[in-house]
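Trainee: Curious how this folds, go ahead:
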Amino acid sequence: MNLNDFRYLGRRAVVVGGATGMGAAAVDLLVELEAEVVVMDRAPVQRDDVQFEACDLADRASIDAAVEACGGPINALFSCAGVADGTPGIERINFIGHRHVIDRILAENLMPHGGSISMISSAAGLAWEKHLDRLKDYLDTPDFDSAVAWIAANPGTDTYMWSKEAICAYVARQAFPMLQRKIRINAILPGPTDTPLARANAETWLGFGQDYRSDTGIDASTPDEQAAVLVFLGSHAARGVNGVTLITDAGYLASGVTGSYPAATPVADFLYGRY
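Mentor: Purely as a prediction, here's the structure:
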């Protein structure tokens, strides 16, 4: 392997949701790795080393305008934006809008061979396999508007967990058709990570797994730690990785599944849909 495979020299990377949290950390790392970086976000980004395009994932027209303004080539796409339960338009911001960005990029042939798509799901999306039949019905919706209509017609799916399950199912389902286009797609599933979004829901999000972290002597993950895995997945160094939903939670759920940390077993059973 060439160490340059880890770098992004000569590659153009687009980070959707690059203003804060894991997305902003990914931007920092991509710049350091010599990528030409475009940030798409609703919040403005003012820095001299990236191109910024305003993009509201809840608004199809805004996405279309941002992709058109960005143009190509797009060698690596990072889908990072996300919001918590109770946010209006959560189904669009957390999944439908990201899918529409990808659809537009592919329709305009903006991603050349060797491209990569790296998404952020969550450990909260692990039950996707149990709900696969229903998720496949959702993913069968052909476009932005029909997906929004599907959510409206299926009460209880406008949630954080459902949107994260959708990302997992989408990544797995798209592995083959994307690879036919010589594009890879993967996602990370972070555990508790100290982002502005998590801090706004600290009791639930950062309290999750606190016993495990105390007993192992670690802190909640940082945006930089998660971004490093995400950016690796988008690099040529990970060219053998495709269709993977990678849990990045410091081993908490694996310890629960195997019973090596029994306190995590009920949580693991719940998140894997074994209830």
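
Trainee: all contacts plus neighbour counts: C-alpha atoms, from now on.
Mentor: Fine.

Trainee: any chance you could map the strands in this protein?
Mentor: Taking DSSP state E as the criterion, the chain contains strands spanning 12-16, 36-41, 51-54, 76-79, 115-120, 183-190, 245-248.

Trainee: got JSON lines for the ones you listed, with mean pLDDT, distance to F144 and mean neighbour count too?
Mentor: Formatted as JSON lines, the strands of the chain follow (pLDDT from 0 to 100; distance: least, Cα to Cα, whole Å; neighbours: other Cα atoms under 10 Å):
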{"stretch": "strand 12-16", "mean pLDDT": "98", "distance to F144": "17", "mean neighbour count": "26"}
{"stretch": "strand 36-41", "mean pLDDT": "98", "distance to F144": "18", "mean neighbour count": "24"}
{"stretch": "strand 51-54", "mean pLDDT": "98", "distance to F144": "19", "mean neighbour count": "20"}
{"stretch": "strand 76-79", "mean pLDDT": "98", "distance to F144": "16", "mean neighbour count": "27"}
{"stretch": "strand 115-120", "mean pLDDT": "98", "distance to F144": "18", "mean neighbour count": "26"}
{"stretch": "strand 183-190", "mean pLDDT": "98", "distance to F144": "20", "mean neighbour count": "25"}
{"stretch": "strand 245-248", "mean pLDDT": "97", "distance to F144": "23", "mean neighbour count": "21"}
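
Trainee: so which of the ones you listed gets nearest P88?
Mentor: With Cα to Cα as the criterion, P88 lies closest to strand 36-41 of those, at 16.7 Å.

Trainee: strand partners of the closest one, parallel vs antiparallel please.
Mentor: Using DSSP bridges, strand 36-41 pairs in its sheet with strand 12-16 (parallel), strand 51-54 (parallel).

Trainee: Could I get these in CSV, plus columns for distance to D85?
Mentor: Below are those laid out as CSV (distance: least, Cα to Cα, whole Å):
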stretch, distance to D85
strand 12-16, 20
strand 51-54, 23
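
Trainee: Just tell me which of those strands ends up closest to A166.
Mentor: The nearest among these, by Cα to Cα, is strand 12-16 at 17.4 Å.

Trainee: To H98, which of the strands of the chain lies closest?
Mentor: Going by Cα to Cα, the one of the strands of the chain nearest H98 is strand 76-79, 6.4 Å.

Trainee: Tell me the strands beside the closest one, with direction?
Mentor: strand 12-16 (parallel), strand 115-120 (parallel).

Trainee: Kindly calculate the angle that the last one makes with strand 183-190.
Mentor: Counting by axes from the mean of the first three to the mean of the last three Cα atoms, to 10 degrees, strand 115-120 points 20 degrees away from the direction of strand 183-190.

Trainee: Can you add distance to T159 and give the strands of the chain back as CSV?
Mentor: Putting these into CSV (distance: least, Cα to Cα, whole Å) gives the following:
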stretch, distance to T159
strand 12-16, 20
strand 36-41, 21
strand 51-54, 25
strand 76-79, 18
strand 115-120, 16
strand 183-190, 16
strand 245-248, 20
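
Trainee: now for those strands, which one comes closest to T222?
Mentor: Ranking the strands of the chain by proximity to T222 (Cα to Cα) places strand 183-190 first, at 10.2 Å.
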